[in-house]
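Enquirer: Sequence below, structure please.
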Amino acid sequence: MAMELETGRLDLRPWTEGDAENYSALTAERDSGALRVEAARERIATLLASAERTGIALLTVRRRAEGDFIGYCGLIIGRASVDEPEIAYELFRRVHGHGYATEAAGSVVQAAAATGRKRLWATVGSWNAPSLRVLDKLGFHHDHVDPDHDGRGEVIWLTRALP
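Expert: Presented below is the predicted three-dimensional model:
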């Protein structure tokens, strides 16, 4: 998968150690709470090592005009496999509703298709209507549902065939 992607408004690039504070701040918006900056650094190191090993990656997302970090988007093994990876994304709440998730994820879908992969997966909590809308716009379809082990409901599995 290409490790640098550009869209009309966004740049998707590999993580750097300098992204740890931004990543920590992003995780602070989760109900489960923030990663400490040191833990964020460790997670970034793990993400970079995984990308080196698998050829797929989560990439940072920055708005091109502003140059600011707004989240991440990319492919992970997650609950799937290297051959049929999961798409994953998370953006700061302050940028929700502007189409950035759809734009970033669309570029990742195109990059995945360019690798010759035949299918992508996504897993989303049933409570996460905005992410389900993004995936619907990108052509993902409901596959099945599993119980969510954190007690928040169900995990919806979606899939998308690639050309």
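
Enquirer: Run through this protein and note the low-pLDDT ranges.
Expert: Low-confidence segments of the chain (pLDDT under 70): 150-151.

Enquirer: can you pull out the helices in it?
Expert: 20-27, 37-54, 100-114, 129-137 (DSSP state H).

Enquirer: Deepest-packed of the ones you listed, please.
Expert: Most buried of those, by mean neighbour count (mean count of other CB atoms under 10 Å): helix 100-114, with a mean of 20. Quick note: C-beta positions are derived from backbone N, CA and C, even for glycine.

Enquirer: relative to helix 129-137, how tilted is it?
Expert: Angle of helix 100-114 versus helix 129-137, following axes from the mean of the first three to the mean of the last three CA atoms, to 10 degrees, is 40 degrees.

Enquirer: Who are the packing partners of helix 100-114?
Expert: Helices and strands touching helix 100-114, by 3 or more CB pairs under 8 Å, 6 or more residues apart in numbering; DSSP states H and E, are strand 5-6, strand 10-13, strand 58-63, strand 69-76, strand 86-91, helix 129-137.

Enquirer: how about that helix as CSV, C-alpha atoms only?
Expert: What follows is helix 100-114, C-alpha atoms only, in CSV (Å, rounded to 0.1, in the frame of the first residue of the first chain):
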residue,chain,number,x,y,z
TYR,A,100,-12.8,14.5,6.0
ALA,A,101,-13.3,10.8,7.1
THR,A,102,-15.0,10.0,3.8
GLU,A,103,-12.3,11.7,1.8
ALA,A,104,-9.4,10.1,3.7
ALA,A,105,-11.0,6.6,3.8
GLY,A,106,-11.8,6.9,0.1
SER,A,107,-8.1,7.4,-0.7
VAL,A,108,-7.2,4.4,1.5
VAL,A,109,-9.8,2.2,-0.4
GLN,A,110,-8.2,3.3,-3.7
ALA,A,111,-4.7,2.6,-2.4
ALA,A,112,-5.8,-0.9,-1.2
ALA,A,113,-7.3,-1.7,-4.6
ALA,A,114,-4.0,-0.7,-6.2
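
Enquirer: Right, I'll leave it there.
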